[in-house]
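Undergrad: Starting from these lines, generate the structure:
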Amino acid sequence: MNQDSENLKNRIQKHSKKLTELGSILAKKQFSYKIEEKTAKEYWQKRIQQLKKYNETGLEYYNEIQNMMNLINKDEAQIFLLQISKFRQLATKLIKIMEKIEENPSIIDSKDKQQSLWSKDVKKKILEISVNCLDHEKYMNNIFRDFYEINIKKILEQ
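TA: The predicted structure follows:
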């Protein structure tokens, strides 16, 4: 194995170690995008804080993936960077909607027969965006899993 190959392998192993650490942190946070019909303001404040912390670590995790990909294929890494941007945008949208609910938590209650169109729209949006966030994360993880299998695994096995 030449020096460049060994250097690349070492750099990939460093990124892998960091990804493992960040993945463990994400697993411990166990954030769920599932939306519950809780009408307590404190619940929504806590959920917003959980999402912000999860998103911060998630961005760090996906940026580490992008850095690793950049070592091997700059074009695919740039495309993945766009996915990270979308991840950030979706989380920002979700936080903004959660903040609307935090201001008026009763809008999430489906038992409320007097719901306004605005309340129904907010509820529809939060459900839609939370599903989009989850689906996008699954998509990003699939991209990385495929990239790993095709590119990284054979470098690490050398």
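
Undergrad: now the end-to-end length of stretch 149-158.
TA: Between the opening and closing residues of stretch 149-158 we find a distance of 14 Å, counting by Cα to Cα, to the nearest Å.

Undergrad: Quick check: buried residues in that stretch?
TA: 151-152 (16 or more other Cβ atoms under 10 Å). Placement of C-beta: from N, CA and C, glycine included.

Undergrad: Now do the same for T39: helix, strand or coil?
TA: Three-state call for T39 (DSSP: H, G, I helix; E, B strand; the rest coil): coil.

Undergrad: is it true that it touches P105?
TA: Yes: contact criterion Cβ atoms under 8 Å: T39 and P105 qualify, at 4.5 Å.

Undergrad: what sits in contact with each of the two?
TA: Common neighbours of T39 and P105 are not found (criterion: Cβ atoms under 8 Å, 6 or more residues apart in numbering).

Undergrad: lowest-confidence helix or strand of the chain?
TA: Using mean pLDDT, DSSP states H and E, the weakest-scoring helix or strand in the chain turns out to be helix 153-157, at a mean of 85.

Undergrad: chain center to that helix, what's the gap?
TA: Computed by Cα atoms, centre = their mean, to the nearest Å, the chain-centroid distance of helix 153-157 equals 26 Å.

Undergrad: Give the other helices and strands that it contacts.
TA: helix 3-29 (3 or more Cβ pairs under 8 Å, 6 or more residues apart in numbering; DSSP states H and E).

Undergrad: Which other helices and strands does the helix it packs on contact?
TA: helix 41-72, helix 153-157.

Undergrad: Need the mean per-residue confidence for it.
TA: Helix 3-29 comes out with an average pLDDT of 90.

Undergrad: same thing with stretch 51-66?
TA: Here stretch 51-66 scores 96 as its mean pLDDT.

Undergrad: Check what contacts it and list those residues.
TA: So stretch 51-66 is contacted by 15, 18-19, 22-23, 25-26, 29, 31, 77, 80-81, 83-84, 87-88, 91, 94-95, 98, 137, 140, 144 (Cβ under 8 Å, 6+ apart).

Undergrad: just checking, A77 touches I84?
TA: No: between A77 and I84 there is no contact under Cβ under 8 Å: 10.3 Å.

Undergrad: hmm, back to that, make a ChimeraX selection of the buried ones in the contacts of stretch 51-66.
TA: Of those, the buried ones can be selected in ChimeraX as follows, counting by 16+ other Cβ under 10 Å:
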select :15,18,19,22,26,31,77,80,83,84,87,91,94,95,98,137,140,144
